[in-house]
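In: please find the sequence and the predicted model below.
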Amino acid sequence: GLYHQKGIPLTANMTSEQYEKREFHTSSFSPFSGNMAFEIYRPTGASSPKPPKLRRRQDAGAAAVAPQGLIRLLVNEVPMLLPGCGSNYFCEWSTFKKVLQNAGAGCDFDACCASSSKPASASAPDSEARDAFLKAFGKRAEPVCLPVEPIA
């Protein structure tokens, strides 16, 4: 079923007990007027400490490099965990950039953005968009899919 439900399938003839135990809830989707925002936190100076809730524990194997800033994703004003950034709502810019590059590296722009009703030849704007996409993300054999799950 939708979103790989493992429980009771969503049907029109569900009992009230089945309905209460369903896994599919439209409230977990973004509404038509939904919004998404990336908040960017930049350090104000080398000597300025970060607020306590913005601190992020460095992994033991990671080099101690000063962060260039922090990114946080909000969906309908609710913070979301960014895949590849650990269990913190804030992600260091360098980590976020690597996650985006890896996520888009295997995407075939032509296949993803093509329409069966479009002619085979690409128009100038399509070609420019494809070139910009490939320049930013390059190509890789296997795509990496990173779903973003809401936190209950």
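Out: The structure has been received and is ready for your questions.

In: next secondary structure after the helix or strand encompassing Q18?
Out: Using DSSP states H and E, the element containing Q18 is helix 16-20. The first helix or strand that comes after helix 16-20 along the chain, using DSSP H and E, is strand 36-41.

In: which helices and strands sit right next to that following strand?
Out: Judged by 3 or more Cβ pairs under 8 Å, 6 or more residues apart in numbering; DSSP states H and E, strand 36-41 is in contact with strand 70-75. For the C-beta atoms, the positions are set from N, CA and C on the backbone; glycine is no exception.

In: what pairs with the helix or strand just after the strand it packs on, parallel or antiparallel?
Out: Once the chain leaves strand 70-75, the next helix or strand it forms, by DSSP H and E, is strand 78-80. Applying DSSP bridges to the sheet, strand 78-80 is found paired with strand 70-75 (antiparallel).

In: which positions in the partner strand come out as buried?
Out: For strand 70-75, burial by neighbour count (16 or more other Cβ atoms under 10 Å) applies to L70, I71, R72, L73.

In: now swap in stretch 15-30 and tell me
Out: So for stretch 15-30, nothing qualifies as buried (16+ other Cβ under 10 Å).

In: can I get that stretch as CSV, trimmed to CA atoms?
Out: Backbone C-alpha positions of stretch 15-30 (Å, rounded to 0.1, in the frame of the first residue of the first chain) are rendered in CSV as follows:
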residue,chain,number,x,y,z
THR,A,15,-14.8,-1.1,10.7
SER,A,16,-14.4,1.8,13.2
GLU,A,17,-11.8,-0.3,15.1
GLN,A,18,-9.8,-0.8,11.9
TYR,A,19,-10.2,2.9,11.0
GLU,A,20,-8.7,3.9,14.4
LYS,A,21,-5.7,1.5,14.0
ARG,A,22,-4.9,2.5,10.4
GLU,A,23,-1.4,3.6,9.5
PHE,A,24,-2.4,6.0,6.7
HIS,A,25,-3.2,9.5,8.0
THR,A,26,-3.6,12.4,5.6
SER,A,27,-2.6,14.8,8.5
SER,A,28,0.9,13.5,8.1
PHE,A,29,1.1,15.0,4.6
SER,A,30,1.8,18.6,3.6
